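Student: Structure for this input, please:
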Amino acid sequence: MTIVKEFRICCPTSVEEYRRGQRYTTARISKMEVKEGNGAGVEVIENRPVDHPEWGPGQYTRKRFHIEKRVPSWLRYLLPKSGSAICEESYNCFPYTHTTVTFPLFAKFKITIQTWHVDDRGQQENIHKLDGKMLKKREVEYVDIAAKRPDQALYSNESDINTFVSKETGRGPLQEGWLKRVDAKTPVMCAYKLVTIEFPYFGLTKRVEGFLEGYERNLFYTATRQLFCWIDEYFGMSMADIEEYENATFAEATEQTKLHGKYSGPSESTLSETSTLQEESPSQDSD
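Tutor: Predicted coordinates for the structure are as follows:
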């Protein structure tokens, strides 16, 4: 089974503001996660300009995220004690971005995230130009970044969108249903995120794909809230300023991750352990 989900996340910014905010927020979150510890960490393997033959000029990044303590206990039980890292390859060719996430310990696992960023309110029905077969599989979900969720207290009050007012733009605070009430002078853009999740392992598919769908939803929700609440920090920054901040932050995050004793990848013994686990997984089915 493959999950095809299109999340539509609107934000009270222009596409250009979102472009700068996205890269600033991604870098700042990487730095925060390393400081938190808690089994989190990111290594930035590559971060360079690219001119993609199909998507045009942009930025290419390749990262490794360490997740030992960031997965639910039932999934942690199935993983080896060390070397649990996911790999992310991303092309940020704004207004289009293309991200692929893989997990070396599970060769057939793959998440693909294709995003169009547009100055509208999420009304385009097939912006990704899906064929009839994919449209039948696709489920559309609108994510209200101002709605309260039980897990929204992941970060401090500095990203409380329900109370934040931007000094630079005068926008905010936002309450649930804000999109229906926002005035015509306020810029609004939408990120159309098409997420495809593949985890074809007998006995685990439904549960793992369900977990990953929820994880991506929460990630988009939280990151967009932060992007808006941190707008005053990057509002006056140029793309050159953003890139300088990004490079410095990624370098620091990578160094701190290494200092905290994270692994650069699974060892041969870890891969052997996981291979055995995959063969035994049907007997551990909990779906």
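
Student: Glu89 and Thr97 touch, don't they?
Tutor: No. Counting by Cβ atoms under 8 Å, Glu89 stays clear of Thr97, with 11.5 Å between them. Yep, even glycine has a C-beta here, placed from its N, CA and C like the rest.

Student: Neighbour count: the two, which is higher?
Tutor: Shown here are Glu89 and Thr97; by other Cβ atoms under 10 Å, Thr97 has more neighbours (21 against 15).

Student: What's opposite the more buried one in the beta bridge?
Tutor: Counting by DSSP bridges, Thr97 is bridged to Asn92, Thr115.

Student: same thing with Cys10?
Tutor: Counting by DSSP bridges, Cys10 forms beta bridges with Cys190.

Student: ok, it - how many residues close by?
Tutor: 21.

Student: Spatially central residue in the protein, please.
Tutor: By Cα atoms, centre = their mean, the chain has its centre lying nearest to Leu219, at 5.3 Å.

Student: what's that residue sitting at in phi/psi?
Tutor: When quoted as degrees, to the nearest 10, the phi and psi of Leu219 stand at phi -60, psi -50.

Student: One more: the one 4 residues further on?
Tutor: In this entry, Ala223 is assigned phi and psi values of phi -60, psi -40 (degrees, to the nearest 10).

Student: measure it to Asn92 for me?
Tutor: As judged by Cβ to Cβ, to the nearest Å, Ala223 and Asn92 stand 14 Å apart.

Student: Same check on Lys31?
Tutor: Distance from Lys31 to Asn92, by Cβ to Cβ: 18 Å.

Student: Look at those two and report which has more neighbours.
Tutor: Taking neighbours as other Cβ under 10 Å, Lys31 and Asn92 compare with Asn92 leading, 20 against 17.

Student: which ones are touching the more buried one?
Tutor: For Asn92, the contact set (Cβ atoms under 8 Å, 6 or more residues apart in numbering) comprises 22-23, 58-61.
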